[in-house]
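A.B. asks: Let me see the structure of the following:
(one chain, ligands or ions: 1)
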Amino acid sequence: MSVRYMYPEGFEVRGREIFMDANATTPVHPELRNVMEHVYQSHYGNPSSPHYAGIRAKRILAEARAEGATLLSCAPESLVFMSGATEGINTAILSVLSQYTAGKGKGKTLLYGATEHKAVPEALKHWNEVLAVGARVEPVAVDELGLIHLDDLARKLPDALMICTMGANNETGVFQDMGALEEKIRGLRPDIPWMVDCVQMLGKRPVALGRTTIDYAPFSAHKLYGPKGVGALYVRPGARYVPLQIGGGQEAGARGGTENVAGIAALGRIFHWLNHPELGPFHSPNTLYEMRNALLTSLQQAFPKLVLNQPLEVSLPTTLNFSVAGYSSAELIAIFDAAGIRVSAGSACSTGKSRSFVLDAMNLPTWQSEGAIRMSFGPTFTQEELLEVCERLRFIGEQLSHAPLHRDCAFYLPDPFTSNSAWIACPESALVLILELQQKHEEQLKREFPVTQWTHRTWGGSEEDFAGFRITPTAEGFVLRYLKTNRELHVHADGIHQPANTAPVRALTSLEEGDYQFVDVREDVERAMEPPRVAQDKTLSIVRSGWADFLLTRSQDEVKTPVFFCRSGRRARDVATWARVLGWHNAVACDASASEVNHWLARKAKV
Ligand code: PLP
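C.D. replies: Sure, this is the predicted structure:
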């Protein structure tokens, strides 16, 4: 049950966190926790020991292997348990490349799909170098849908020592047409070693590997409610195999090291669920598709400018990858975070400017690649969670419709252009006004509001309206009025001022202590980054801290613009974004290094 808190100021702080980053990992399912607990309590023997405690543990491995073999339509001996997919990928690649040491692969290629998980090209490069194979590591192009380009594949296959593809992509959920790939690969190279990364496919697409000519296929338990650090590698009978690690002869000599019995038991139970869907907690694909549709509809209502970065017809039902015009991925993550929904940037890095190599490979526009968000859920996602997410999305949409994040004007001084002019930018309408500016203001403006998209236009000197602004010349300079909010800025040769009778604009240039209220969130934000101590339904998703208190205890009428500052400008922006989504539409962020803040702190210290 999730609890909603209503606050008199008109915003709500929601309870439970909803984790929608299942492609990164999943929480351990309660039943699997029990399975592991049982192993820890009564099957703790070493499977290599000859006594009964060892035999009990060994039986667990045999049962898990048998379930896996049933699922993959293969012999139990074809499965080697290991620490996860990355180890499986490395083992498969080592197995193939170890026959080409000392330059035997010179002039040849090691192929991988351009959207492959980074573990694959990195492992190819690593072993190519360590074993001095001398081959070239080369991507095979994908088309705009994210599917392997069969013509490019056909061109590159003749020279290849190995080909690595993936079942389904972790960022977009796009799944490959395995039949078409197999036909192409085997038609041209019947014997080439072929690895298929099946991590994201498990539980969502058929994986009857034993009926295919795939040679190697890694799996990982933590993507499907198992613990981290356990997985398996499928190896086709007859495929070359070289252990990555050697030791006490475990896994029939295929992988040295005492087995993670509890983890393997959990993986075995996952295989069991997939063999007997009626006994397990996973929804049918149809239900998952319906859930995805409902989510997408709510997302589109909350963000009318949403663009999908994946073709739905060839994507897993559990992944949505999208961008929203005008928003960076960091902003979107902060918006979702404010509503207690955890999503990830489509790309590996969430620092705003990073791009997704997967979306780049699909030839999507830069802004989509830079602003991508991945929302992914697992096959146990409940109807209750779905309704809650849709409701929170409705709330987000409502808040943003009152005050889209880029609603008022922001200053920006872009370095590559002239250093003697500042820009007042309104990204929503792509307006940029160039102001002649004195050097001393540059520093202040530079700290403010990165703007990613703009056009520019120089003001002609007479009263003019454009893109939602009215510019009126005055004796000292001009007045800039944002017509939507009627906020005014007076721009003079000596600086930029806000008249006392208008609501303040997002700028720190003419800070008067009376107009703004600084909220020091340096300690609080660090603390808020830690998980809440009592993460039960009835706790706030925002840890109670100085800034949460600030929001909860004050009325918006009585407070001047809250200016949040923090050690990291990005964190401060996140806090301000949260505050905005929660109804504090005029919240502003600035870096703790901003000189105004330092003056303020110094003054405060003196008092
Ligand atoms: N391959 C894909 C497609 C993945 O999504 C992941 C996990 O992020 C991996 C490989 C690596 O798996 P593991 O975490 O088990 O090493």
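A.B. asks: Return whatever helix or strand residue 127 lives in as CSV; C-alpha atoms alone will do.
C.D. replies: Secondary structure from DSSP states H and E places residue 127 in helix 119-130. Provided in CSV are the C-alpha atoms of helix 119-130 (Å, rounded to 0.1, in the frame of the first residue of the first chain):
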residue,chain,number,x,y,z
ALA,A,119,31.3,-5.9,-21.7
VAL,A,120,31.4,-7.5,-25.2
PRO,A,121,33.7,-5.1,-27.2
GLU,A,122,35.8,-4.4,-24.1
ALA,A,123,36.4,-8.2,-23.5
LEU,A,124,37.1,-8.6,-27.2
LYS,A,125,39.7,-5.8,-27.1
HIS,A,126,41.2,-7.1,-23.9
TRP,A,127,41.7,-10.7,-25.0
ASN,A,128,42.8,-9.6,-28.5
GLU,A,129,45.6,-7.6,-26.8
VAL,A,130,46.5,-10.0,-23.9
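A.B. asks: Tell me how far the residue nearest to the spatial centre of the chain lies from the ligand.
C.D. replies: Closest to where the C-alpha atoms of the chain average out (CA atoms, centre = their mean) is residue 344, at 2.2 Å. Going from residue 344 to the ligand by CB to the nearest ligand atom, to the nearest Å gives 11 Å. Every C-beta, even on glycine, is put in place using the N, C-alpha and C of the backbone.
A.B. asks: coming back round to it: just want the angle from the helix or strand following the helix holding residue 127 to helix 119-130.
C.D. replies: Moving toward the C-terminus from helix 119-130, the next helix or strand (DSSP H and E) is strand 136-140. Calculated by axes from the mean of the first three to the mean of the last three CA atoms, to 10 degrees, strand 136-140 forms an angle of 160 degrees with helix 119-130.
A.B. asks: gap between strand 136-140 and the chain center?
C.D. replies: Distance of strand 136-140 from the chain centroid (CA atoms, centre = their mean, to the nearest Å) equals 26 Å.
A.B. asks: now for the helix holding residue 127, which elements pack on it?
C.D. replies: On a contact count with 3 or more CB pairs under 8 Å, 6 or more residues apart in numbering; DSSP states H and E, helix 119-130 meets helix 85-97, strand 109-113, strand 136-140, strand 160-166, strand 194-197.
A.B. asks: Paired strands for the second one, with orientation please.
C.D. replies: Each strand that strand 109-113 pairs with, and the sense of that pairing, follows from DSSP bridges: strand 136-140 (parallel), strand 160-166 (parallel).
A.B. asks: just to revisit the earlier point, contacting residues around the residue nearest to the centre of the chain?
C.D. replies: 21, 23-24, 333, 350, 373-374, 376 (CB atoms under 8 Å, 6 or more residues apart in numbering).
A.B. asks: Over to residue 18?
C.D. replies: 340-342, 385, 388-389, 392 are the contacts of residue 18 under CB under 8 Å, 6+ apart.
A.B. asks: give me that answer again for 10 Å
C.D. replies: Contacts for residue 18 (CB atoms under 10 Å, 6 or more residues apart in numbering) come out as 2, 336, 339-343, 377, 381, 385-386, 388-389, 392, 541.
A.B. asks: out of everything not next to it in sequence, what's closest to residue 148?
C.D. replies: Nearest in space to residue 148, with sequence neighbours left out and distances taken as CB to CB, 6 or more residues apart in numbering, is residue 113 at 5.4 Å.
A.B. asks: Check residue 169 too.
C.D. replies: Residue 169 sits nearest to residue 115 (CB to CB, 6+ apart), 5.3 Å away.
A.B. asks: now stretch 124-136: mean pLDDT?
C.D. replies: Stretch 124-136 shows a mean pLDDT of 98.
A.B. asks: and the helix holding residue 127 with the ligand, contact?
C.D. replies: Yes. Against the ligand, helix 119-130 shows contacts by CB under 6 Å from any ligand atom at residue 119.
A.B. asks: One more: stretch 247-265?
C.D. replies: No. Stretch 247-265 is not in contact with the ligand by CB under 6 Å from any ligand atom; minimum separation 11.2 Å.
A.B. asks: which parts of that stretch are buried?
C.D. replies: 250-251, 254-255, 259-265 (16 or more other CB atoms under 10 Å).
A.B. asks: now stretch 90-108
C.D. replies: For stretch 90-108, by 16+ other CB under 10 Å, it's 90-97, 100, 105, 108.
A.B. asks: is any part of stretch 358-372 close to the ligand?
C.D. replies: No. Stretch 358-372 lies out of reach of the ligand by CB under 6 Å from any ligand atom, never closer than 10.5 Å.
A.B. asks: what distance separates stretch 361-378 from the middle of the whole chain?
C.D. replies: For stretch 361-378, the distance to the chain centre is 9 Å (CA atoms, centre = their mean).
A.B. asks: let's number from 530 now, not from 1
C.D. replies: All set: I'll call the first residue 530, so the last point we hit is now stretch 890-907.
A.B. asks: and that stretch, which residues are buried?
C.D. replies: 890-891, 893, 896-907.
A.B. asks: Chain neighbours aside, what residue packs nearest to residue 713?
C.D. replies: Residue 713 sits nearest to residue 679 (CB to CB, 6+ apart), 5.2 Å away.
A.B. asks: now residue 627
C.D. replies: In this structure, residue 627 finds its nearest non-sequential neighbour in residue 771, 4.9 Å apart by CB to CB, 6+ apart.
A.B. asks: Surely that neighbour and residue 783 touch.
C.D. replies: Yes. Judged on CB atoms under 10 Å, residue 771 makes contact with residue 783 at a distance of 9.5 Å.
A.B. asks: Close to the ligand: what parts of the stretch 530-679 of the chain are there?
C.D. replies: So the stretch 530-679 of the chain meets the ligand at 613-615, 646, 648 (CB under 6 Å from any ligand atom).
A.B. asks: for the stretch 830-979 of the chain, that is, sorry about that
C.D. replies: Checking the stretch 830-979 of the chain against the ligand by CB under 6 Å from any ligand atom, there are no hits.
A.B. asks: residue boundaries of the helices in the stretch 830-979 of the chain?
C.D. replies: 858-867, 886-890, 895-899, 912-931, 968-975 (DSSP state H, counting those that start in this stretch).
A.B. asks: Export those as CSV, with columns for mean pLDDT.
C.D. replies: Formatted as CSV, the helices of the stretch 830-979 of the chain follow (pLDDT from 0 to 100):
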stretch, mean pLDDT
helix 858-867, 79
helix 886-890, 95
helix 895-899, 87
helix 912-931, 86
helix 968-975, 43
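A.B. asks: quick one: which of these is nearest residue 808?
C.D. replies: helix 912-931 (20.0 Å; CB to CB).
A.B. asks: so what does the closest one touch, helix or strand wise?
C.D. replies: For helix 912-931, the contact count by 3 or more CB pairs under 10 Å, 6 or more residues apart in numbering; DSSP states H and E identifies strand 533-535, strand 541-543, strand 547-548, helix 814-831, helix 858-867, strand 870-871, helix 1098-1110 as packing neighbours.
A.B. asks: For stretch 677-694, which residues meet the burial criterion?
C.D. replies: Those would be 677-679, 681-682, 685-686, 689-694, for stretch 677-694 by 16+ other CB under 10 Å.
A.B. asks: Reformat the residues you listed as CSV; add pLDDT.
C.D. replies: Formatted as CSV, the buried residues of stretch 677-694 follow (pLDDT from 0 to 100):
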residue, pLDDT
677, 98
678, 97
679, 97
681, 98
682, 98
685, 98
686, 98
689, 98
690, 98
691, 98
692, 98
693, 98
694, 98
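A.B. asks: so the closest residue to residue 620 other than its chain neighbours, which of the three states?
C.D. replies: Of all residues not flanking residue 620 in the chain, residue 773 sits nearest, at 4.5 Å (CB to CB, 6+ apart). Assigned with DSSP: H, G, I helix; E, B strand; the rest coil, residue 773 falls in the coil class.
A.B. asks: Show the contacting residues for residue 773.
C.D. replies: 609, 611-612, 616-617, 619-624, 656, 762, 783-785.
A.B. asks: mind checking pLDDT for it?
C.D. replies: Value for residue 773, per-residue pLDDT: 98.
A.B. asks: How about the backbone phi and psi for it?
C.D. replies: According to degrees, to the nearest 10, the main-chain angles of residue 773 amount to phi -80, psi -40.
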